[in-house]
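J.: Could you look at this predicted model? Sequence included:
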Amino acid sequence: PDGSINHWGKAVALAMAGFGVLVGKIGFVIAMAAVIGMCMMESGAADKIVRRLMDKFGEDRAAWAMLISGFVLSIPVFFDTVFFLLIPLARALALRTGKNYTLYVCAVAGAGAITHTIVPPTPGPLIIAENLGQPAGNAIIAGLLASIIPVVLVMWLANRFNDKLDIPLRETKGSSLDELGKIVKKKDGELPGFCMSVLPVLLPVVLISMVTFLGLAAKFGMTVSPELKKWLEFVGNKNVAMFIAALIAMYTLAKQRGWTMEKLGESMGIPLETAGVIILITGAGGAFGAMIRETGIGDTIKAIGVSEGSTMGMLFMA
């Protein structure tokens, strides 16, 4: 009996160790991503990015503007946040053009799903990079390169769906067609500047990727001063980079709304509540992974999935 009690206690301890290790690696990044997402929505920074892209592409190629907006915003911001943010704009655009509603929705959802699932610092690909022992910068670059073909496929499918499916623009609660009409007429001066709007998105990607480029530079014989390398590695740490981006996003929100530090602090509760749930679920995955390792189930699954030198079975086992 004493031995069985010890085994139960050890099981809990190992599970919590797995939980803590994974949360320690990515928990802070998830929290900062939630803060960035909320600030970009509330300040109008995300609106600014979408509008600038639409100005560059023109209304005839608005679907590409929606696709790129979903693609870029889903790198540091959670997919559901990006979707809720862009869908009203897609609806307003469809109201103005009188067509292509299905195309706009599919472009937003498809592109957002791609970067959210394969480009850090979103939680899923970040966990994969950690488990594979790869730096976040490597994962970002690889994810962006791997996104090219899926993005082209998404646009092709979106156009196919748009041709075959006639989905009408309907009234929805809290988002009437009259209100949507006002979105496209909102004055550009009411939104933050484009550089400040896009900085929380691009800065962490650039800073985190710098560490990878330092490694590549060393392989090609290029020298970087030790002092500069030390600081680049510090700001290129995914936790530091996301913290800096969150500070910029919070500053933009406070300046845009005229908020005091107290009011800004109060507003951070909602995104951190969202992040807390995701961190707990993600940490549970770490606990589950620890159990698989400690019980040897992982080796059994591997033995079943790998046969005669082929690893294809592992795909189906997963």
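T.: Nice, I can see it. Numbering: from 1, shown residues only.
J.: Tell me the buried residues in stretch 187-205?
T.: 191-192, 196-201, 203-205 (16 or more other C-beta atoms under 10 Å). Every residue, glycine included, has its C-beta placed from N, CA and C.
J.: Give me the average confidence score over that stretch.
T.: Summarised as a single mean, pLDDT over stretch 187-205 is 84.
J.: any idea of the mean pLDDT in stretch 46-57?
T.: Rounded mean pLDDT across stretch 46-57 is 78.
J.: Could I have the CA atoms of that stretch written out in PDB?
T.: This file holds the C-alpha atoms of stretch 46-57, laid out as PDB (Å, rounded to 0.1, in the frame of the first residue of the first chain):
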ATOM      1  CA  ALA A  46      -5.300  46.500 -36.800                       C
ATOM      2  CA  ASP A  47      -7.800  48.600 -38.800                       C
ATOM      3  CA  LYS A  48      -5.000  50.800 -39.900                       C
ATOM      4  CA  ILE A  49      -3.000  47.800 -41.300                       C
ATOM      5  CA  VAL A  50      -6.000  46.500 -43.200                       C
ATOM      6  CA  ARG A  51      -6.800  50.000 -44.600                       C
ATOM      7  CA  ARG A  52      -3.200  50.600 -45.800                       C
ATOM      8  CA  LEU A  53      -3.100  47.200 -47.500                       C
ATOM      9  CA  MET A  54      -6.400  47.900 -49.200                       C
ATOM     10  CA  ASP A  55      -5.100  51.300 -50.400                       C
ATOM     11  CA  LYS A  56      -2.100  49.600 -51.900                       C
ATOM     12  CA  PHE A  57      -4.000  46.700 -53.600                       C
END
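J.: mind listing what's buried in it?
T.: 46-54, 57.
J.: which residues sit against that stretch?
T.: Residues external to stretch 46-57 that are found in contact with it (C-beta atoms under 8 Å, 6 or more residues apart in numbering): 40, 62, 64-66, 68-69, 72-73, 77, 82, 85-86, 89, 93, 186, 188, 191-194, 197-198, 201.
J.: now residue 51: how far from residue 69?
T.: Applying C-beta to C-beta, to the nearest Å, the value for residue 51 to residue 69 is 9 Å.
J.: ditto for residue 60
T.: 16 Å.
J.: higher neighbour count, these two?
T.: Between residue 60 and residue 69, residue 69 has the larger neighbour count (other C-beta atoms under 10 Å), namely 27 against 8.
J.: Tell me, please, where in the stretch 1-150 of the chain the pLDDT is lower than the cut-off.
T.: Along the stretch 1-150 of the chain, the model assigns pLDDT under 70 to residues 1-5, 76-78, 80-81, 84-85, 88-89, 92, 96.
J.: Which parts of it are helices?
T.: 2-43, 45-57, 62-73, 79-97, 101-118, 123-132, 136-146, 148-164 (DSSP state H, counting those that start in this stretch).
J.: just checking, residue 200 is part of a helix?
T.: Yes - secondary structure of residue 200 (DSSP: H, G, I helix; E, B strand; the rest coil): part of a helix.
J.: now the helix or strand harbouring residue 288 against helix 2-43, angle please.
T.: Residue 288 is part of helix 269-295, with elements assigned from DSSP states H and E. For helix 269-295 against helix 2-43, the angle between stretch directions is 150 degrees (axes from the mean of the first three to the mean of the last three C-alpha atoms, to 10 degrees).
J.: So which bits of helix 269-295 are buried?
T.: 271, 274-275, 278-279, 282-283, 286-287, 289-290.
J.: now stretch 113-133
T.: 113-127, 129-130.
J.: Next: stretch 19-28.
T.: For stretch 19-28, by 16+ other C-beta under 10 Å, it's 19, 22-23, 25-28.
J.: And for stretch 255-263?
T.: Those would be 256, 259, for stretch 255-263 by 16+ other C-beta under 10 Å.
J.: on that earlier part again, using TSV, lay out the buried residues of helix 269-295 together with distance to residue 214 and pLDDT.
T.: Output for the buried residues of helix 269-295, formatted as TSV (distance: C-beta to C-beta, whole Å; pLDDT from 0 to 100):
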residue	distance to residue 214	pLDDT
271	32	84
274	34	81
275	30	84
278	31	85
279	30	89
282	29	85
283	31	90
286	29	89
287	34	92
289	30	86
290	33	88
